[in-house]
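Participant: I would like to see how this sequence folds:
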Amino acid sequence: MKIRYIISFSVIILLACDNMNAQWVQTNGPYIGKVVCFAGSGTNLFAGTFYNGVFRSTNNGVSWTKVNTGLPNIRIWSLAVSNSNLFAGTERGVFLSTNNGASWMAANIGLTDTMVHALAFSGTNLFAGTSYGGVFLSTNNGASWTQTGLNNVDIITIAFSGTNLFAGSTSSGVFLSTDNGINWTVVNNGLTNTNVHAFAISGSNIFAGTCGGVFLSTNNGVSWTGVNSGLSYTCISSLALTNTALFAGTYGGGVYIFNNNGASWSQTIRDLLFEYWDETRRGSPLEMAGYRL
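Facilitator: This is a model prediction of the structure:
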């Protein structure tokens, strides 16, 4: 069964602006392949795609160059940057580029689950969320990996709030670690849906996007409260924060905006619906097609 799906987006391409009625414009590609994730490093913007590798833009999306030497034609699920190191989480593990994507090499030693959906840095620690093996940690830029205390669970998204590491699962809700992944606790109090697709963090506010709407925690996940007034489509695929607002990409309902000073959501765009998603496919529901505000 196919369902119509809204693109996901990244805070990198959501530009903070005072005019919340600003229009969306299509960037100049990349048009080959579904764009799944973004990462930025200096003037470089990287886009990861399904089966067409990674593209790089040095001019805010005006033009793109394919940068795939050493990278097989596989699904790119996530990208993460630390200094000169660019990492790609894929269906065949983690790949590393040290030259802005010009060449890639596998970085999978110790990684027993190579379906990597999420990557996130905390200082020099790189965490990887996998489809079945939970969360892995590398302390040496991907040279080797060790499995954390969270295993045998599917992890779609990872985020940090200070020293707190949050991991979202499509089946088990939210997990929290305060010691770099050694120990984990389930923090689902108040969540009415434990299919967690995305996090967005602003100060002490932690937002979780689920297939039952958006939830907010102000106490590091101890409790959650639904913030869904005005949100007609409650299956959330992605979240992104600017300086003044929280955006949510939804299944079938376009993009919604939640003003941090307001009390409800409003739909900002409804017709940005041109991709189809197979709801039976396991994994992170992230697709993007090159739009920016």
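Participant: what's the local residue count around the closest residue in space to N85 that isn't next to it in sequence?
Facilitator: Of all residues beyond its chain neighbours, the one nearest N85 is N141 (5.5 Å), with distances taken as Cβ to Cβ, 6 or more residues apart in numbering. In short, each C-beta sits where N, CA and C put it, glycine included. Other residues within reach of N141, judged by other Cβ atoms under 10 Å, total 16.
Participant: which of the three states applies to N141?
Facilitator: N141 falls in the coil class when you classify it by DSSP: H, G, I helix; E, B strand; the rest coil.
Participant: per-residue confidence at it?
Facilitator: The predicted local distance difference test score for N141 is 92.
Participant: got the contact list for it?
Facilitator: Contact criterion Cβ atoms under 8 Å, 6 or more residues apart in numbering gives 82, 85, 96, 107, 124, 126 as the residues in contact with N141.
Participant: redo that, cut-off 10 Å
Facilitator: Neighbouring residues of N141 by Cβ atoms under 10 Å, 6 or more residues apart in numbering: 82-85, 87, 96, 98, 107, 124, 126.
Participant: please apply the same query to V153.
Facilitator: Neighbour list for V153: 129-135, 167, 169-172, 175, 184 [criterion: Cβ under 10 Å, 6+ apart].
Participant: ok, now T58?
Facilitator: For T58, the set of contacting residues under the criterion of Cβ under 10 Å, 6+ apart consists of 42-45, 64-65, 100.
Participant: go on, V187?
Facilitator: Residues in contact with V187 (Cβ under 10 Å, 6+ apart) are 164, 166, 173-176, 206, 208, 217, 219-224.
Participant: which among those end up buried?
Facilitator: Of the members of the contacts of V187, the ones counted as buried by neighbours, 16 or more other Cβ atoms under 10 Å, are 164, 166, 173-176, 206, 208, 217, 220-221, 224.
Participant: nearest to W77, of those?
Facilitator: Distance ranking of the buried ones among the contacts of V187 against W77, using Cβ to Cβ, places F166 first at 17.9 Å.
Participant: report the beta-bridge partners for that closest one.
Facilitator: Residues found in beta-bridge contact with F166 (criterion: DSSP bridges) are A159, L176.
Participant: show me what contacts it?
Facilitator: With contact set as Cβ under 10 Å, 6+ apart, F166 has these partners: 120, 157-160, 174-177, 187, 196, 199, 201, 206, 208, 217, 220-221.
Participant: hmm, 8 Å instead?
Facilitator: The neighbourhood of F166, defined by Cβ under 8 Å, 6+ apart, consists of 158-160, 174-176, 199, 206, 221.
Participant: cool, and V227?
Facilitator: When the contact criterion is Cβ under 8 Å, 6+ apart, the partners of V227 are 207, 213-216, 258.
Participant: pick out the most distant pair among those.
Facilitator: Spanning the widest gap among the contacts of V227 are F215 and F258, at 12.2 Å by Cβ to Cβ.
Participant: nice, that's everything, thank you.
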